Each structure stands twice: as C-alpha cells, then as structure tokens.
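*Asks:* Let me see the structure of the following:
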Amino acid sequence: MTGTRDALYRVTRDFMARDYAQDVVDLNELIRKNRADSANLTAEVPPIPFTGDPWKKKKGDCVLFIGINPKFQTKVPPMNHPEFGPAISMINRFHRGDENSFVQYIDSRKNYFSSDEKYGTHFTAPEKGFRDNWYSVENPWDCHVQSMDCLPWFSIDAKTIDIDRVADWYLENSAMIQYHEIIMNVIDLIEPNWIHLNGKMPQTVFESNFAEHHFEKLEGINPQKGIRVGHCEIGNWELPVLSHNFAGWPMAPNGAADWRLMAKLWDNWLRLQE
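*Replies:* As a prediction, the model looks like this:
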C-alpha cells in the first residue's frame, strides 16, 4: 500500500475487522420494510468501505459520489467471482490475524477503476456525466470523483430496505456509526467541492441526519427527476449537496442532455451560495 496509515486507514481497518455477518443479521431486522421478512443484505461478501483511491484525489478539486449500496452478483458462486472471491479471502485472512491481507484488500479497493472488476453498468453513466460536465479527463474516478455508498453491505436490490429506518438508525447502530467514521475521514482527506448523492436512500439519510434545512428542488429541470440541493454538516465540514433519483432508473437524470442541464443549473446554484 502506497498511502500512509493515517486516520482513514485506521477507521477503515476497525470497520473491516467487525463481524460483518453478525452486522448483516442485525441490520436485516433493523432496516427491513414492515411487510418484509428481511432487508436482504447478504453476509456472503464483506462490505466495501470505498471504491477508488481516496489518497489520490485532488484536494478541493473533487467530488464525493455516494450511491445506495453495492450490488450483489449471483451469476457465479461468490468465491468464483473476480471481485467477491478475492475480497472474501483477504478479509477472512485479516480476521485470522494476517495484517498484510488487509493492506492487499485496501489496495484492491484503491485500484478498482483500473482493474477488470469494474461493474460497468453501474459506473458508466455517472462517469460520462462527470467527464462531460466537470472533469474532462479520461478517468474522472482517478483523481476527481471518490465513490462510496450510503450502505456498504451488498444486496441483490434494495426493494425490501426501508429508507426511513436506515435514516433513523444511521447514527444509532454501531456498524453504521463506524461506517460514518469512514465517510467523515474521507471528507477530511479529499476536501470535496460537493457531495453528489445518487438515489433516494442517500438523499433521505443525509437530509435527515446532516442537513439543518430541508433540501430544495433544483428549479429549471423536470421535478420528477428528484433533483434536490442543499447543505450538509459532516464532521468539521459544511458542504453543498446535489442529489437525485438513482441514475439509470426511468425517472432520474439520464443521458447527456439531462446531465448537461443538471450541471448547468447546479453550477449556477453553487455560484449563488458564494
């Protein structure tokens, strides 16, 4: 690992040292919808703390991009999956006391966007949006866009997760509290220009827990896209927030025209905050 073993490294290590299978058992009860038996998070794969290299980001010239939660793939058994299998093995060895396996795991998360593991359909649309409108580089994830999730545990989908319960427990459940420590330390490290929330869940969780005022609709674009803006206080930072329905869903900012208009309106809104 090339990065220093700083505060982010330490809180990430503490989080990944948890009994994630037990965390999933607890969370599947805490955040399930009333009519569901479970929130259907999976304990087959360890949670992911971040995707891409936060130590490589350009301070003050980057964005923290937060999605819903990582998608579990079921086409092959987890141990045969090119991302899941190595992650399971590395974290299992780490739990048995092999510190170097944790270093290897962190390196795998840092190098995700330059590896063959990249889950293309999830990252392609926002990557193009960031490249076309804010960072005209081949790979915006390299130095300018740090990817995380609202929940770091995998599931096939989020249909049985109760968003309001996630918001209620986000700063109460010990596993989510420790994950929030990672988010705070990523922000301290990269000093993002803004937080970009992709999906109703992160929008609700961040507005409920970190915003003094409700997010407001971004005027000038179809309100059904769910684009809302505001500010959040996280740790020692107050940061502007751009949020919208999950990109790729029918009623979300999709395609070049939507992203171009959203970026223009967002940049104008940011200037009014100065």
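*Asks:* Shouldn't Pro240 be within a strand?
*Replies:* Yes: the assignment for Pro240 by DSSP: H, G, I helix; E, B strand; the rest coil puts it in a strand.
*Asks:* I'd like to know how far it sits from Gln146.
*Replies:* To Gln146, Pro240 is 16 Å away according to Cβ to Cβ, to the nearest Å. In this view, the C-beta of every residue, glycine as well, is placed from N, C-alpha and C.
*Asks:* so who does the closest residue to Met262 other than its chain neighbours touch?
*Replies:* Distances taken as Cβ to Cβ, 6 or more residues apart in numbering place Pro253 nearest to Met262, at 5.0 Å, with adjacent residues excluded. Each residue near Pro253 by Cβ atoms under 8 Å, 6 or more residues apart in numbering is listed here: 129, 221, 225, 227, 244-245, 247, 259, 262.
*Asks:* By pLDDT, rank the residues you listed and give me the bottom one.
*Replies:* Among the contacts of Pro253, Ala247 has the lowest pLDDT, at 88.
*Asks:* ok, now how distant is it from Asn198?
*Replies:* 6 Å.
*Asks:* end to end, how far does stretch 15-25 reach?
*Replies:* From its first residue to its last, stretch 15-25 covers 16 Å (Cα to Cα, to the nearest Å).
*Asks:* any idea how far it is from the chain center?
*Replies:* Chain-centre distance of stretch 15-25: 18 Å, with Cα atoms, centre = their mean, to the nearest Å.
*Asks:* Let's test this: mean pLDDT of it, rounded?
*Replies:* Computed over stretch 15-25, the mean pLDDT rounds to 99.
*Asks:* Could you list the buried residues of that stretch?
*Replies:* 15-16, 18, 20, 23-24 (16 or more other Cβ atoms under 10 Å).
*Asks:* swap in stretch 219-226?
*Replies:* Buried, per 16+ other Cβ under 10 Å, within stretch 219-226: 221, 225-226.
*Asks:* Tabulate the buried residues of stretch 15-25 (a markdown table), appending secondary structure and distance to His122.
*Replies:* Listed next are the buried residues of stretch 15-25 as a markdown table, based on DSSP: H, G, I helix; E, B strand; the rest coil; distance: Cβ to Cβ, whole Å:
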| residue | secondary structure | distance to His122 |
| --- | --- | --- |
| Phe15 | helix | 22 |
| Met16 | helix | 22 |
| Arg18 | coil | 25 |
| Tyr20 | helix | 21 |
| Asp23 | helix | 23 |
| Val24 | helix | 21 |
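*Asks:* Name the nearest of those residues relative to Arg5.
*Replies:* For the buried residues of stretch 15-25, the residue nearest Arg5 by Cβ to Cβ is Met16; the value is 13.7 Å.
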